[in-house]
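> Sequence plus predicted model, see below.
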Amino acid sequence: MIRGRYKMEIQISPHIVKELRIKTGAGVMDCKRALQTAKGNIEIAVENLRKKGLTSADKKSIRSVTEGIIDSYIHIGARIGVLIELNCETDFVARRVEFQKLARNLAMQVAACQSVFYVSINDIPQYIIDREIRIESGKEDIINKTPEMKDKIIKARIDKRLKDMCLIYQPFIKDQNIVIKDLVKQHIALLGENIKVRRFQRFLLGEKIDIS
């Protein structure tokens, strides 16, 4: 009698594979393997694929990006508009539906997050950072703290405040479980090229109009 040298594979339906592909952007075989490893649990498979994809994306994130698109979004009622530039490595990827959909989603994100003014912390001018430090340093609830504790509290608050001002740290409006930084990384893994948000501009109807 031959004892089982081979483990019986779990039957994975095409429907679940398709659902996993939609969630992660991974290939068919990668999805099948992930589902087999996760014993059919789609949430575990999603987590494992995303970890794998984000690791791969980190390696691509230092590559130069000279192509891409400028996209726009006009919110319902035509009172808010956004222009955004999304860069990639080749014109081929710039024409991909997935890349263009990402640009549109990012433009919608900017329209929805009106307290966001920068792509990342590196884009925030030093005078803005200095101003936030002065504000936090002068708050009454830390006056009686020790210098060490005061510095720790100020640093934590400043880190949070600066991230609140940046696009890449915002929860994605269509999936609150991921932030924009990881959404971009997922597309890097999916499309095989580095992708960067270069800049954006939000337009509010009547903003800064002098009616005096």
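Here it is on my side, so go on.
> Just the strands from this structure, written as ranges.
67-74, 80-88, 171-172, 175-179, 196-204 (DSSP state E).
> Just tell me which of those ends up closest to residue 45.
strand 175-179 (15.0 Å; Cβ to Cβ). The way it works is simple: take the backbone N, C-alpha and C, and place the C-beta from them, glycine included.
> circling back: please identify the most buried of the strands of the chain.
strand 80-88 (a mean of 21; mean count of other Cβ atoms under 10 Å).
> Sheet-wise, list the partners of it with their directions.
Sheet pairing of strand 80-88 (DSSP bridges) gives strand 67-74 (antiparallel), strand 196-204 (antiparallel).
> Among those, which comes closest to residue 119?
The nearest among the strands paired with strand 80-88, by Cβ to Cβ, is strand 196-204 at 5.0 Å.
> on that earlier part again, export the strands of the chain as CSV, with columns for mean pLDDT and distance to residue 185.
Converted to CSV, the strands of the chain look like this (pLDDT from 0 to 100; distance: least, Cβ to Cβ, whole Å):
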stretch, mean pLDDT, distance to residue 185
strand 67-74, 96, 16
strand 80-88, 96, 13
strand 171-172, 96, 12
strand 175-179, 91, 9
strand 196-204, 95, 11
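> Any chance of TSV for the strands paired with strand 80-88, columns distance to residue 81?
Formatted as TSV, the strands paired with strand 80-88 follow (distance: least, Cβ to Cβ, whole Å):
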stretch	distance to residue 81
strand 67-74	5
strand 196-204	4
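> what's near enough to touch the one residue sitting closest to the centre of the chain?
Nearest to the geometric centre of the chain sits residue 180, at 1.6 Å (Cα atoms, centre = their mean). Counting by Cβ atoms under 8 Å, 6 or more residues apart in numbering, residue 180 touches 106, 109, 167, 168, 169, 170, 172.
> Quick check: the last one touching residue 185?
No: Residue 172 lies out of contact with residue 185 (Cβ atoms under 8 Å); the separation is 11.9 Å.
> mind listing what residue 161 touches?
Contacts of residue 161 (Cβ under 8 Å, 6+ apart): 132, 136.
> Okay, it and residue 146: tell me how far apart.
22 Å (Cβ to Cβ, to the nearest Å).
> what does residue 86 give?
Counting by Cβ to Cβ - residue 86 and residue 146 are separated by 46 Å.
> for residue 90, same thing?
Counting by Cβ to Cβ, the gap from residue 90 to residue 146 is 54 Å.
> Those two: which has the busier surroundings?
Neighbours were counted for residue 90 and for residue 146 using other Cβ atoms under 10 Å; residue 90 has more, 15 against 9.
> Could I get the phi/psi values of that one?
phi -130, psi 160 (degrees, to the nearest 10).
> Can you read off the pLDDT for it?
You'll see residue 90 listed with a pLDDT of 91.
> Could you do residue 192 as well?
For residue 192, pLDDT reads 83.
> about what we covered before: find the nearest non-adjacent residue to the residue nearest to the centre of the chain, please.
residue 168 (4.9 Å; Cβ to Cβ, 6 or more residues apart in numbering).
> Quick check: residue 83 vs residue 67, distance?
Residue 83 is 17 Å from residue 67, by Cβ to Cβ.
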